[in-house]
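Participant: What follows is a predicted structure for the sequence shown.
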Amino acid sequence: MSKDAGLQPLPLHKTCIFLKAWRENDYAGASDTTIELLYHWFEQDHIVETPNRERFSFRYYFCQRESIETMIYLFEVRGTRNLSATIAEFGGEDQALGVNPDFEL
């Protein structure tokens, strides 16, 4: 049995529902700077040039976008500052029981 056998994925799938609505509502509640950055990263075309002077369009993978949006949404919009609060809000109070707040940043 591996040392990670007892670890379970965080039950944060509910964040996807909130995140999708937030994205569709033009990132309501985020600062103007954050909104500008999100639109720059994800809504504008980015042209990358290789050392051979070839140019191609660059886009972030959706999982990269969703990860960045999730961190911004939790921290800036929802004001969540630690893991136990995040799990309690999105995974249910009983899910946060195993998180020791003394070990959080």
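Facilitator: Everything's here; your move. Keep in mind the model is a prediction, meaning the values are calculated, not measured. Numbers count the residues shown, from 1 in each chain.
Participant: Do a quick rundown of the strands in the protein.
Facilitator: If DSSP state E is used as the criterion, the strands of the chain fall at 46-49, 55-58.
Participant: Sketch out the low-pLDDT regions of this structure for me.
Facilitator: For the chain, applying pLDDT under 70 flags the ranges 1-12, 92-105.
Participant: so who does the residue nearest the centre of it touch?
Facilitator: With the centre of the chain defined as its mean C-alpha position, the nearest residue by CA atoms, centre = their mean is Thr70, 2.0 Å away. With contact set as CB atoms under 8 Å, 6 or more residues apart in numbering, Thr70 has these partners: 15, 19. Just so you know, the C-beta spots here come from the backbone N, C-alpha and C atoms, and that holds for glycine as well.
Participant: Please apply the same query to Gln44.
Facilitator: The contact partners of Gln44, taken as CB under 8 Å, 6+ apart, number zero.
Participant: Tell me the spacing between it and Ile35.
Facilitator: 13 Å (CB to CB, to the nearest Å).
Participant: Give me the number of neighbouring residues for Leu19.
Facilitator: Counted with other CB atoms under 10 Å, residues neighbouring Leu19 total 17.
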